[in-house]
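Engineer: show me how the following folds:
(chains A and B)
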Amino acid sequence: MSSFALFFLLVGLALIGWIVARARAGSFARLGAGRVHSLPSQHGWYMAMWVAIPALLFLAVWSAVAPQLAQEAVLASPAAATLPADGFERAAVLAEARALANGTAYGAFNPASEPLAPVFATAQARYRWIGTAVALLLAFAGAAFAFTRIRPEFRARTRVERAVMLLLLGASLIAILTTLGIFLSLLFESGRFFSIVPITDFLFGTRWSPQVIRASDPGETLGAVPLFWGTFFIGAVIAMLVAIPFGLMSAIYLTQYARPTTRRWMKPILEILAGIPTVVYGYFAALTVGPAIRDLAVMLGMPYASSESALSAGLVMGVMIIPFVSSMADDSIAAVPRSMRDGSLAMGATTSETIRRVLLPAALPGVVAGVLLAVSRAIGETMIVVMAASGAATITLNPFESTTTVTKQIVDLLTGEAEFDSPKTLAAFALGLTLFVVTLLLNIVALRVVKRYREAYE
Amino acid sequence: MNHSPTSDTAAPKMSARDVNVFYGDKQAIKDVSIDVDMDRVTAFIGPSGCGKSTFLRTLNRMNDTVGNARVTGDIRLDGEDIYDKSMDVVQLRARVGMVFQKPNPFPKSIFENVAYGPRIHGLAPSRADLEAIVERSLRRAGLWEEVKDRLSDSGTALSGGQQQRLCIARAIAVDPEVILMDEPCSALDPIATAKIEELIHELRGRYAIVIVTHNMQQAARVSQRTAFFHLGNLVEYGVTSEIFTNPRQERTKDYITGRYG
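Structural biologist: Residues are numbered from 1 along each chain as shown, chains lettered A, B, ... in the order given. From the prediction side, this is the model:
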């Protein structure tokens, strides 16, 4: 039986279990069994859980273990005696035999795999059969166990509640474990990179040209400083020069000046800006803003200006970040107690004096935190720079010149042909790790600032 | 009804005639007419929701900051219509200061809190002038001795009573003519309350003070004139001692004897 069908069979059994248990628990009241602790449907859920969960858990484990067992069985069979001794070839032959057995391949490329295919097929069939049998056995055993516990005084409600809690805990752990896993894999791959390239070369080297790595000294052309500079210049300087003033001013307008009706249509529109896919911003940057800025640069006397300038990527990124800064600033200005505002107005201050002298200073920590989060988003932003920034790693203060960023280089390093243990490819992981650590730090700092600020007003 | 219980011939500092206040469709104040005199404390009393705070806020146009509030009628400060187009609300609020129910010092230093008004109104050309104003205001508010050594500490770090006196110092730093106090002691303990009441006594000679209070003993202690509001109406206005000993209106009598409210 395919695992798909088995899954639905188990769900069906759980449903039957639910109905049976509910009916049985429902009969207590009619039998006059005194106080019944849990509702009939809770007994139903308890039964359904016992039918489905152990069997599904077993299947999940089994689906990982069974192919391994099948392969062991094939290797132990007499037909396996002809397998090549070399590990790589051996794996290739086994993979082909499996494909033949499953019917996903129709002819053998390697003749040695052909006699193995039927062996594989029988071994797989056997283990699949065992898996099905054990899963059904578990389902029925669970059902029997749960059925014996359906009694008026049994606390099915408590058990079901606890199961729900565990389910939710599991769901939240998945996010945490995934983050941890990503971090560890980055760390591991970066470790391999740093065993080839000294970390000081990577962090402090000022020459980045991964296309020309010398085997004798790979660190020489893998200095990431130009990338860090480009990322900082585009994401934290140019983009923020756009996003901070416009974001802040729109937040001030929306919280202090706009009538409720204006605010009601203006704020959602601003938020739509945050929902535009970054790739759309990307081609806007590459096709419209980039050439316009090149023309401007030519007019200003830079005849060889590139359309892939730091300015075009940074400007468009800044626009993308505006709603982000605006909504953070909006929240923190709105969090300043109304009494502050009234106090200032009652002193005869105008609205703009009140904003400048009372509201903004009071909201500053929240605004700063919002800006930090925006920076962390900007430096992690990829699509715009992939499309609009150049690949040339230069350290420059001229916004019309082309620079590159960490994210753009990661994409360049990992796309196209790449072998997975060259310093060139591994450098992408080191860059990823650096980015991860920096954005993580920015987020931590921002959250702490926000937290301290919130405490001040409660 | 009698707008002014005094037989003084001096013109009132502020006078209101037929004032109505609406929040949207709801009428919060109905045809209130009242005079406020210089050098006196006028208390507004009445049960919660009677409109006394709303009326207070019309006197320095703080209701302007409430989106759907609408004020009709005529309110004059020294004979000038404060709702007239030519009236600059910034100037008005410099002349009619306000102290709120909950102490609301700005999250700035004690010095900067008091210096706030003089700065925005350009009252102190030099640093020395500013320091003099701050010291004088803090002295008048009875806070100088307690804070003179820590003027750079945050105003929010003071105790509740000190914060309220800081807010009073902040209000008097711009040399107002009228001070409106909206239940200034309702968030304070009895000792801090006593200090504020003492302060009100001292300030009486310089300003026209209007105080909204829930506490009838407080009104009796600090004020010379008392106005009783009920359901948006001004029920009775008179000399405080008379209101409390010999009210003319049945409703006033019921309220001050604790029948409702």
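
Engineer: could you point out where the stretch 51-200 of chain A is predicted with low confidence?
Structural biologist: Within the stretch 51-200 of chain A, the ranges that satisfy pLDDT under 70 run A:84-87, A:107-108.

Engineer: can you rerun that using 80?
Structural biologist: Low-confidence segments of the stretch 51-200 of chain A (pLDDT under 80): A:77-94, A:96-98, A:100-116.

Engineer: can you pull out the strands in it?
Structural biologist: Taking DSSP state E, counting those that start in this stretch as the test, none of the stretch 51-200 of chain A falls into strands.

Engineer: which stretches in it count as helices?
Structural biologist: Using DSSP state H, counting those that start in this stretch, the helices of the stretch 51-200 of chain A run over A:87-102, A:116-148, A:156-196, A:199-204.

Engineer: give me the most central residue, the chain.
Structural biologist: Unless you meant another one, I'm taking chain A. The residue lying closest to the centre of chain A (CA atoms, centre = their mean) is A:T179, at 7.6 Å.

Engineer: wait, chain B was what I had in mind.
Structural biologist: The centre of chain B sits closest to B:L180, judged by CA atoms, centre = their mean, with a distance of 1.4 Å.

Engineer: quick one: that residue is in a strand?
Structural biologist: Yes - using DSSP: H, G, I helix; E, B strand; the rest coil, the assignment for B:L180 is a strand.

Engineer: how about it: what's its closest non-neighbour residue?
Structural biologist: B:M98 (4.6 Å; CB to CB, 6 or more residues apart in numbering or on different chains). For every residue, glycine as well, the C-beta is placed using N, CA and C.

Engineer: my guess is that neighbour is in a strand, correct?
Structural biologist: Yes - per three-state DSSP, B:M98 lies within a strand segment.

Engineer: sorry, back to before: closest one to chain B among the helices of the stretch 51-200 of chain A?
Structural biologist: helix A:156-196 (36.0 Å; CB to the nearest CB).

Engineer: tell me how far that closest one lies from the chain's centre.
Structural biologist: Distance of helix A:156-196 from its chain centroid, counting by CA atoms, centre = their mean, to the nearest Å, is 12 Å.

Engineer: re earlier: wait, the residue nearest to B:L180 touches A:A346, no?
Structural biologist: Yes - contact between B:M98 and A:A346 holds when scored by CB atoms under 8 Å: they sit 3.9 Å apart.

Engineer: need the overlap of contacts for those two.
Structural biologist: Common contacts of B:M98 and A:A346, defined by CB atoms under 8 Å, 6 or more residues apart in numbering or on different chains, comprise B:N60, B:M62, B:A171.

Engineer: now those as TSV including neighbour count, distance to A:I199 and pLDDT?
Structural biologist: Output for the shared contacts of B:M98 and A:A346, formatted as TSV (neighbours: other CB atoms under 10 Å in any protein chain shown; distance: CB to CB, whole Å; pLDDT from 0 to 100):
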residue	neighbour count	distance to A:I199	pLDDT
B:N60	28	65	92
B:M62	23	62	91
B:A171	28	61	94
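
Engineer: now, which of these lie close to chain A?
Structural biologist: B:N60, B:M62, B:A171 (CB under 8 Å from any CB of the partner chain).

Engineer: give the contact list for the second one.
Structural biologist: The contact partners of B:M62, taken as CB under 8 Å, 6+ apart, are A:D342, A:L345, A:A346, B:M98.

Engineer: now, those residues that are in strands?
Structural biologist: B:M98 (DSSP state E).

Engineer: now for the contacts of B:M62, which pair is the farthest apart?
Structural biologist: Using CB to CB, these span at most 9.1 Å, a distance reached by A:L345 and B:M98.

Engineer: these two - which one has more neighbours?
Structural biologist: Between A:L345 and B:M98, counted using other CB atoms under 10 Å in any protein chain shown, B:M98 has the larger neighbour count: 26 against 23.

Engineer: check contacts around residue 16.
Structural biologist: In the absence of a named chain, chain A is used. Residues counted as contacts of A:I16 (CB under 8 Å, 6+ apart): none.

Engineer: think we crossed wires, I meant chain B
Structural biologist: Counting by CB under 8 Å, 6+ apart, B:A16 touches B:V32, B:S33, B:I34, B:D35, B:F55, B:T58, B:L59, B:G73, B:D74, B:I75, B:R76.

Engineer: between those residues, which sits nearest chain A?
Structural biologist: Checking the contacts of B:A16 one by one against chain A (CB to the nearest CB), the nearest turns out to be B:L59, at 11.0 Å.

Engineer: that closest one: neighbouring residues, count only.
Structural biologist: 22.

Engineer: B:G97: how many residues sit nearby?
Structural biologist: By the criterion of other CB under 10 Å, B:G97 has 27 neighbours.

Engineer: and the gap between it and chain A?
Structural biologist: Distance, B:G97 to chain A, by CB to the nearest CB, to the nearest Å: 7 Å.

Engineer: bridge partners for that residue, pull those for me.
Structural biologist: B:G97 has these beta-bridge partners by DSSP bridges: B:I179.

Engineer: is it true that it touches A:G343?
Structural biologist: No - checked against CB under 8 Å, the pair B:G97 and A:G343 is beyond contact range at 10.7 Å.

Engineer: state the helix or strand in which A:M47 lies.
Structural biologist: Secondary structure assignment for A:M47, by DSSP states H and E: helix A:40-76.
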